[in-house]
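Chemist: Need the 3D shape of this:
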Amino acid sequence: MNGQKMTQAKHPAKFHNLILQETLPFLIERKRLLDPMAGVGKVCRLKEMGFTGKICCNELEPEWANQIAGVDNVTILDCRKLPWPNDTFDCIFTSPTWA
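Modeler: Reported below is the predicted structural model:
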């Protein structure tokens, strides 16, 4: 980009750490979690907190999705048109701001 450094845009509604901490006990037995509106993927912090299942993130906006790291799968799609069959995930977990 003509020698200019790109900066990452800050997402306006990241998961608050307290939401992740308070929710973890309800997720601990889950095997496959989907965040259908993942933003920058802060849900991946659940793995740092002890979640051992797979985390899949979907985000509509590429500039947010390209910042997601530390999850098992990332897709960039409209969450109303996800490709997985029923019963693929045993948990859907997304930011209450957007849900």
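
Chemist: Does residue 70 touch residue 40 like I think?
Modeler: No. Assessed by CB atoms under 8 Å, residue 70 is found out of contact with residue 40, at 10.9 Å. In this view, the C-beta of every residue, glycine as well, is placed from N, C-alpha and C.

Chemist: Give me the more crowded residue out of the two.
Modeler: Between residue 70 and residue 40, residue 40 has the larger neighbour count (other CB atoms under 10 Å), namely 23 against 14.

Chemist: could you say what helices and strands the longest helix seen in the chain packs with?
Modeler: For the chain, the helix reaching the highest residue count under DSSP state H is reported as helix 17-27. With contacts taken as 3 or more CB pairs under 8 Å, 6 or more residues apart in numbering; DSSP states H and E, helix 17-27 sits against helix 45-48.

Chemist: And the helix it packs on, what's buried?
Modeler: Neighbour counts over helix 45-48 (16 or more other CB atoms under 10 Å) mark 45, 46 as buried.

Chemist: How about residues contacting that helix?
Modeler: Residues from elsewhere that reach helix 45-48 (CB atoms under 8 Å, 6 or more residues apart in numbering): 15, 17, 20, 24, 27, 33, 55, 70, 71.

Chemist: mind checking the end-to-end distance for stretch 52-64?
Modeler: Counting by CA to CA, to the nearest Å, you get 24 Å between the two ends of stretch 52-64.

Chemist: rewinding a little: buried residues in the longest helix of the chain, which are they?
Modeler: 20, 23, 27.

Chemist: Need the pLDDT of the closest residue in space to the second one that isn't next to it in sequence.
Modeler: Once flanking residues are discounted, residue 23 sits nearest to residue 93: 7.0 Å by CB to CB, 6 or more residues apart in numbering. The model reports residue 93 with a pLDDT of 89.
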